[in-house]
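K.L.:
Build me a structure from this.
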Amino acid sequence: MKVLSGLSLLSIIILLFSCAAPRVEIPVYEGVDVREVLNSKNSISVIDTTFSITFEKDEGEMRGEGVLNISRNGDLNLRVYSLGFLALEVTSEKGVIKSNPRIDKNKGRILTEGLRDCLFWWDIEDYKIDEKEGMYLLKNLSREIWLDRKTILPVKQAVSLEDGRELIIHYEGNEKIGDVWYPSRIKIDLLKYSVTLKIKDILFSGSG
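P.N.:
Next comes the predicted model:
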């Protein structure tokens, strides 16, 4: 009986391991030109995503569910739902921002320029590259992006705005959809505002 019990336990363990989803390792790009890796993403011109979203300001906090369609040129349509009801809709087309209900300038910046630059993080031009403590630092006149040197995925980004203020973006939790790796948790800070996104689904596509 002890032998049979041992065999049954072994069979269960083998079955559990055989059913477990295989772990997908993040590719390592050591020795590969970082520009080559970033350029490989240039075919992506549209991102559709759903996520949970948390707005924080001073001591207040609001949570909801977001649905976003955003283009590389900054055009976007964002809808935020709270308790199943549409709580906020923001559109941006050719730099013209509209929202219902109206939102202040800081929140508008986060939900337009902030979302564009944090999701299309690789779309940076005329940059210089420095290597610091296991990171690549990509820097131009308006943006600084820290990339993990092994995975070429973002860790942090700073975006300088025209009025002298700065958007700070932090990335965590890399996941994969198709052939594209992406950060699944993004936090955007501007002055007293903070917005955190936790990606649920995401689709990267080209313009055709």
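
K.L.:
How many neighbouring residues does K105 have?
P.N.:
Other residues lying near K105 total 10 when counted by other C-beta atoms under 10 Å. Just so you know, the C-beta spots here come from the backbone N, C-alpha and C atoms, and that holds for glycine as well.

K.L.:
Then G95?
P.N.:
10.

K.L.:
and it, how far is that from L76?
P.N.:
Using C-beta to C-beta, to the nearest Å, G95 is found at 11 Å from L76.

K.L.:
Please apply the same query to N42.
P.N.:
Counting by C-beta to C-beta - N42 and L76 are separated by 19 Å.

K.L.:
more neighbours, these two?
P.N.:
For N42 and L76, the more surrounded residue by other C-beta under 10 Å is L76, and the numbers stand at 20 against 11.

K.L.:
Quick check: that one vs G66, distance?
P.N.:
11 Å.

K.L.:
same question, D58
P.N.:
Noted for D58: a distance of 22 Å to G66, by C-beta to C-beta.

K.L.:
out of those two, which sits in the busier spot?
P.N.:
More crowded of D58 and G66, by other C-beta under 10 Å: G66, with 23 against 7.

K.L.:
Kindly state the pLDDT recorded for that one?
P.N.:
pLDDT, G66: 96.

K.L.:
Show me what counts as buried in the helix or strand that contains it.
P.N.:
Assessed by DSSP states H and E, G66 sits inside strand 60-71. The neighbour-count check on strand 60-71 (16 or more other C-beta atoms under 10 Å) flags 64-68, 70-71 as buried.

K.L.:
same check, this time on stretch 126-146
P.N.:
127, 135-139, 143-146.

K.L.:
can you tell me which of those residues are in strands?
P.N.:
Per DSSP state E, strands hold the following members of the buried residues of stretch 126-146: 135-139, 143-146.

K.L.:
ok, P183 - contacts?
P.N.:
P183 is in contact with 153-154, 171-175, 199, counting by C-beta atoms under 8 Å, 6 or more residues apart in numbering.

K.L.:
ok, now with 10 Å
P.N.:
P183 is in contact with 118-119, 121, 153-155, 169-175, 197, 199, counting by C-beta atoms under 10 Å, 6 or more residues apart in numbering.

K.L.:
Walking through the protein, point out its strands one by one.
P.N.:
Using DSSP E, strands in the chain cover 46-57, 60-71, 76-82, 85-93, 96-100, 128-132, 135-139, 143-148, 154-160, 166-177, 180-190, 193-205.

K.L.:
helices and strands of this protein: which one bottoms out on pLDDT?
P.N.:
helix 2-19 (a mean of 50; mean pLDDT, DSSP states H and E).

K.L.:
Isn't Y193 up against T54?
P.N.:
No: the pair Y193 / T54 is not scored as a contact, 11.4 Å apart, by C-beta atoms under 10 Å.

K.L.:
who's more crowded, the two?
P.N.:
It is Y193, of Y193 and T54, that has more neighbours when counted by other C-beta under 10 Å, with 19 against 14.

K.L.:
who's the more buried one bridged to?
P.N.:
K57, L190 (DSSP bridges).

K.L.:
I am finished for the moment; much appreciated.
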